Every structure is written in structure tokens, then in C-alpha cells.
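Student: Task: produce atomic coordinates for the following.
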Amino acid sequence: MTGFERHRRSGRTIANFTGFEADLLRSLASQLVELLRDEAAAPVSSDPLEALFDFTGPTTVPEDPVLARLFPSAYVDDEEAAGEFRRYTESTLRSSKATAAIAIIDDLEEAGLPAELTDEGLYLDVELDLPRAQLWMRSFTDIRLALATRLGIEEGDEARWAALPDDDPVGQAHDIYEWVGYLQETLVDALGD
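Tutor: Predicted coordinates:
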């Protein structure tokens, strides 16, 4: 994979993935969608106005650390205000994040990624217009936040990761985190051209 590049004539952003890379990216996006949709919403309100606008989102910080990172409290010093803000915004934010991750899955499959990868020599070209590229960029941020949270990645801990042996599974997961960062960086650069 060489990263994303902008096609001069069409203005579209293009990337070439091996079948393995595309399948890995689809898996990461699928896991994110599953996580975003796994937690039940708050019960429906008896207030007719609230029912009309569907303000039924959760009011507490998610238990899962990844979800807590993706949806931080808006008011750290005011639990009640944070709960109200969360109730009115989190459902929409979850849906938006899931839509962005689904765009990655759909675009990879539209480019030729089969439901089950069996061909080791498969290569895919993905072409994105500006709105689609922006969805991918947003989803890369969410995927990286999820990986960083699960792995315990912190600012300035590069030496810790560099010291791990190549065959360490945690180190390999960190490599995936870095790879998604690379994809995101090349996508940002391609959109800036």
C-alpha cells in the first residue's frame, strides 16, 4: 500500500490495497460499528415533545472505555448537565460514527473485496470523492481512538512500543494503529493537494 493520492484529472482520492489490508480495514470498521450499536438506548420518554424529537439517548458515560473515549463528557464538573447533553446528542453522534465506518466497508466491497478473502494475490483500487473521503477520515480517527484506548497508548510512550519484539501480538496491534494513522495522514495530504 502506498497510501492515498489525489488523481489530478478527476480530483478523486485513490488508494490501492492488498486483499489482506482491505480485509483488515473492513474488520476494524465492522468492529467499530458493532461497538457503537451494541449498547441499548435509554427508554422512550412519555413526554410527547421528547418523543417527537426522539431525545432518548443515554444519560450516563458509557461503561466501555472506548465508548467513553469516543463520547467524552461535555461537562466534567456538572454530572446533570453532562447527562442532559449526552441524552440529546449521543444517539446522533453514534449514528454518524457508524455511518462513516460503514462507508469504509461499503467502498471496499464495492471495489471488489469479497465477503470472505480467499485470494492472496488480490489488489483493490478504492476511489473516493470528497464527501466519501471525509467519511473515511472521520472513521480513521474513531478507529485509532478505539485502538489507542484498548492498547493503552499514551503520548510519549514510543520507546515502550519500539522495545517490543516483532512477534509480540500487542506490538502487532500497535503496528495496526500506526498503519491506520499512516492511512489517515496520506488521506489528509491527498485532500490538501
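Student: Helices of this protein, residue ranges please.
Tutor: Under the criterion DSSP state H, the chain carries helices at the ranges 19-38, 48-53, 65-70, 79-110, 130-151, 158-162, 169-192.
Student: where does the protein have low pLDDT?
Tutor: Low-confidence segments of the chain (pLDDT under 70): 1, 39-56.
Student: so which of the helices of the chain comes closest to residue 122?
Tutor: The minimum distance between residue 122 and the helices of the chain falls on helix 19-38, with 3.2 Å, by Cβ to Cβ. From N, CA and C alone the C-beta is placed, and that goes for glycine too.
Student: which residues touch residue 6?
Tutor: Contacts for residue 6 (Cβ atoms under 8 Å, 6 or more residues apart in numbering) come out as 12-14, 190-191, 193.
Student: of those residues, buried ones?
Tutor: Neighbour-count burial (16 or more other Cβ atoms under 10 Å) applied to the contacts of residue 6 gives 12-13, 190.
Student: Would you format those residues as a markdown table with distance to residue 34 included?
Tutor: Below are the buried ones among the contacts of residue 6 laid out as a markdown table (distance: Cβ to Cβ, whole Å):
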| residue | distance to residue 34 |
| --- | --- |
| 12 | 29 |
| 13 | 27 |
| 190 | 29 |
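Student: Now residue 150. Nearest residue, chain neighbours left out?
Tutor: Among residues not flanking residue 150 along the chain, residue 66 sits closest, at 6.4 Å (Cβ to Cβ, 6 or more residues apart in numbering).
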